[in-house]
Structure formats: structure tokens, C-alpha cells
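S.K.: One predicted model, sequence on top.
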Amino acid sequence: MTMELDLLDLYRRGSEWTGEKVAGVTDLEGPTPCSEWKMRDLLNHMLETQRYFANAGRGESASPPGPTPPDIVSDKPADDFTQARSDVISVYSADGVIEKTLPALGIAFADSLIHGWDVARATGQDATMPDGLAQAAYTTIHGRFTDEQRQHIFAPEVPVADDATPQQKLLGYTGRTPD
């Protein structure tokens, strides 16, 4: 399924959009759609997740992000995210890495895109994902996780209308209330 998608291109486009949203962060102590996290926590989670995928792509031992991310964001979160994004792109640009690590880059893409929406919503920025990316992210992750895995990754699914947009489907699937 994800082999047909250009995962590196999707990751580049999705994480670029997310980076633009991170650049709009002015208050690291502000609230986010993730009720238990302030913006600092969300950004720490995003950085930890991207580092995890970069390390996994290198074949290094890496633990998936936990519920309490380490405080690794600096006073320049946009620079931090740009560096983490560049590391992921560098690792997965090497021959054979994407194929060897499927579905890692697809999940990294979806994770980055979804959290970009979180940041946009929290900071009052336009949260409309670029054309085609929400559908690609939904296709990449929908049905990939068991119900037990979902409990550790996402909030409970939020039902959406049958005629929901791809972005609304993605957000609902990942436990977010789309507007």
C-alpha cells in the first residue's frame, strides 16, 4: 500500500508545512489540542519522534517516544524542528533505507503532519493541510495499528460524517475533533 506512495516526497512536503507552523510558535507555555500538554511538551514530543525515526532509519537502537517527552526543545523551536526534519530526510534519502524500514517513513510523515495541525490550531494559524497530504497520511496509517496499539498511539477515534474531507477523516481517526 505505502510502496505506491512517494514517501520521501510526502515527508518533505508534510514536514515543510509543519515547520512553517512551528515557526509561528511564540509561547512555549501555551495550551495545545493535547489537553495534558503545553506547547513545549508537544514540541518535545515532535522532536523526540523525529529523532526516533532518524535513529531507526540508521539501524540504531531506538525506543519509541513515550508519554513524557524529554525537554529537548531550545529557545528556537523552528531551528530544532528544521534540524530534526533534515536528519530524517538525510537518513531516508540513502538507497534502500525506505524499503528496509517500511512503514517507518510513512508513519513519520503522518505523525509530523498531524502534529503540525496541533501546532497550527494551538497558535491560531491556518490549519488546512496542503492538498493531497491528509489523504496520503490517512491511507498510510488507517488500519495499520491494532486496537491495543491505537490505545497507546492515539486518543479514541472521533466519529466523522460519511462525507467528511480527507483531513477530517485523518483527524477523527487520530482522536482529534475536526472543525
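M.R.: Yep, it's here.

S.K.: Tell me the buried residues in stretch 94-113?
M.R.: Of the residues in stretch 94-113, 97-98, 101, 103-113 count as buried by neighbour count, 16 or more other Cβ atoms under 10 Å. The C-beta positions use only the backbone N, C-alpha and C, and glycine is treated the same way.

S.K.: same question, stretch 130-146
M.R.: So, applying 16+ other Cβ under 10 Å, buried residues of stretch 130-146: 133, 134, 136, 137, 138, 139, 140, 141, 144.

S.K.: Mind checking which of those residues land in helices?
M.R.: Among the buried residues of stretch 130-146, the residues falling in helices (DSSP state H) are 133, 134, 136, 137, 138, 139, 140, 141.

S.K.: Tell me the one of these nearest residue 67?
M.R.: Set against residue 67, the nearest of those by Cβ to Cβ is residue 141 (19.2 Å).

S.K.: ok, and the closest non-adjacent residue to the closest one?
M.R.: Closest residue to residue 141 apart from its sequence neighbours, by Cβ to Cβ, 6 or more residues apart in numbering: residue 110 at 4.7 Å.

S.K.: Let me see the contact set for that neighbour.
M.R.: Residues counted as contacts of residue 110 (Cβ atoms under 8 Å, 6 or more residues apart in numbering) are 14, 137, 138, 140, 141, 170.

S.K.: Please tell me I have it right and the last one contacts residue 136.
M.R.: No: Residue 170 is beyond contact range of residue 136, at 9.4 Å (criterion: Cβ atoms under 8 Å).

S.K.: Can you pull out the residues in contact with the worst-scoring helix or strand of the chain on mean pLDDT?
M.R.: One helix or strand of the chain scores below all others by mean pLDDT, DSSP states H and E: helix 147-153, with a mean of 88. With contact meaning Cβ under 8 Å, 6+ apart, helix 147-153 is reached by 145, 157.

S.K.: Then stretch 53-64?
M.R.: 51-52, 84, 87-88, 90-92, 97, 101, 104-105, 107-108.

S.K.: same question, stretch 83-92
M.R.: Contacts of stretch 83-92 (Cβ under 8 Å, 6+ apart): 7-8, 11-12, 15-16, 18-19, 46-47, 50-51, 53-54, 57-58, 97-98, 101, 105, 108, 112.

S.K.: what do you get for stretch 29-43?
M.R.: By Cβ under 8 Å, 6+ apart, stretch 29-43 touches 22, 25, 27-28, 45, 69, 71, 73, 77, 80-81, 115, 118-119, 121-123, 176.
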